[in-house]
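give me a 3D structure for the following:
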Amino acid sequence: MAQNARRFHGGAGSLARGAACSGTGFLPAGDAHVTARAPRFQRAPLRQEVRVRHGGVSGSRSATDVPDTVSMVTPSRWSALAYERFGLPCERIHVVPHGIDPAVLRPDAAARHAAREALGLRDAFIYLSVGAMTWNKGVDVLLAAFAQIAETEPEARLFLKGADALYPSREMVRSVLDDLSARARETVAARLIYNGETYSARMMADLLRAADCYVSPYRAEGFNLPVLEAVACGVPAICTGGGPTDEFTQESFARRIRSRPARMPSEASEAGDYLEPDLDHLVELMRQALREREGATRMGAAGAAYVAQNLTWGRVTDRLLEALFP
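Have a look, this model is predicted:
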């Protein structure tokens, strides 16, 4: 399988070019080409009247500094509560979720089969996670969990889709791998596929459909659009419970990881609230997803139908227009 994925070039929308391309491919232990260690989390606060970082709130101004004519549009109730804690009146905060294009993000059995064949992973059980690979995404928790899964489930594979053009995603994954025990690192590296290239929307749809389970043990998100996109493609999800994904997922198509609230101190005397996902529960849910595959088709269909009914860009735009022009 590994050699097939390394050789892959073209087919299924060229969704993954493998290790032959610069900045992509597998991350085996001892990769001499990746030496930089990533920071534990990105510190890039949004400096406006309100500054929000990693789901927590910090601000150098009070809510009274924001003109009365200004309203906030945010994609989740989770992030709206952060603005409220900052002091903005709730009547000036509008929650409008993100959405998907159903012409692109939808179940497609033929496309799924072609994508898995192209990746050389036809018979594997593919866990997929997409994102910057920053600390708030929980990639350290995911790799620790996958190390346990890979010990007993030979067909398990983990595909991490980074964003190397925007973030040091590959280096962050390398840093987390370096922190694993030697045995865990070797076990994970043998089953891990990483790609940090920029994909088109249709390439992303092919990759999402190829997965058997989408996993997002995030610590903080404003919305977490990749979860919604995976569900739209008919892929069951595992994601942190208690955060914004609770607002657009249901038990019929998503498993929720137990989490506990935590607070992140900062050298700048600011702090952010976040959720710490339970590692043991994540392992349990990932194993359950792999071993109870008969329910995956039902879960995938339920999720895709829910998103198509409620969270297309057309429906979301209607809600945005209502907020902007009451």
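
first-to-last residue distance for stretch 79-97?
End-to-end span of stretch 79-97 (C-alpha to C-alpha, to the nearest Å): 11 Å.

mind starting the numbering at 218 from now?
Sounds good: first residue 218 from here, last item stretch 296-314.

give me the buried positions along it.
For stretch 296-314, burial by neighbour count (16 or more other C-beta atoms under 10 Å) applies to 296-301, 303, 305, 310-314. Quick note: C-beta positions are derived from backbone N, CA and C, even for glycine.

closest one of those to residue 467?
Proximity of the buried residues of stretch 296-314 to residue 467 (C-beta to C-beta) peaks at residue 314, which lies at 14.2 Å.

residues touching that closest one, list them.
The neighbours of residue 314, taking C-beta atoms under 8 Å, 6 or more residues apart in numbering as the test, are 292-293, 440, 464-465, 528, 533, 536.

so where's the protein uncertain?
Along the chain, segments meeting pLDDT under 70 span 218-282, 482-488.

how about a cut-off of 50?
Across the chain, the ranges flagged by pLDDT under 50 are 218-278, 485-486.

all strands of it, in order?
Listed in chain order, the strands of the chain (DSSP state E) span 268-270, 273-275, 289-291, 310-312, 342-347, 373-378, 409-412, 430-433, 454-457, 471-474, 476-481, 489-494.

contacting residues around the third one?
Put plainly, it is strand 289-291. Taking C-beta under 8 Å, 6+ apart as the rule, strand 289-291 contacts 267, 297, 300, 305, 309-313, 439, 537, 540-541.

ok, now with 7 Å
Residues outside strand 289-291 that contact it (C-beta atoms under 7 Å, 6 or more residues apart in numbering): 297, 300, 305, 309-313, 540.

centre of the chain to that strand, how far?
When C-alpha coordinates are averaged (C-alpha atoms, centre = their mean, to the nearest Å), strand 289-291 and its chain have centres 22 Å apart.

please apply the same query to stretch 347-364.
Averaging C-alpha positions (C-alpha atoms, centre = their mean) puts stretch 347-364 9 Å from its chain's average.

residues in contact with it?
By C-beta under 7 Å, 6+ apart, stretch 347-364 touches 257-259, 271, 344, 346, 375, 377-380, 383-384, 386, 389-390, 393-394, 397, 401, 404-405, 432, 434-437, 443, 491, 494, 496, 499-500, 503.

kindly format the C-alpha coordinates of stretch 317-325 as PDB.
Below are the C-alpha coordinates for stretch 317-325, written out as PDB (Å, rounded to 0.1, in the frame of the first residue of the first chain):
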ATOM      1  CA  ILE A 317     -21.300  23.500   1.700                       C
ATOM      2  CA  ASP A 318     -21.800  23.300  -2.100                       C
ATOM      3  CA  PRO A 319     -23.900  20.100  -2.600                       C
ATOM      4  CA  ALA A 320     -22.800  20.000  -6.200                       C
ATOM      5  CA  VAL A 321     -19.300  19.200  -5.100                       C
ATOM      6  CA  LEU A 322     -19.600  17.800  -1.600                       C
ATOM      7  CA  ARG A 323     -21.900  14.800  -1.700                       C
ATOM      8  CA  PRO A 324     -21.700  11.000  -1.500                       C
ATOM      9  CA  ASP A 325     -20.400   9.400  -4.700                       C
END
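
where along the stretch 318-467 of the chain do the helices fall?
Here the stretch 318-467 of the chain has its helices, by DSSP state H, counting those that start in this stretch, at 326-336, 356-369, 386-396, 399-406, 418-427, 442-449.

quick one, which of the ones you listed is packed in tightest?
When the helices of the stretch 318-467 of the chain are scored by mean count of other C-beta atoms under 10 Å, the highest mean neighbour count falls to helix 442-449 (a mean of 25).
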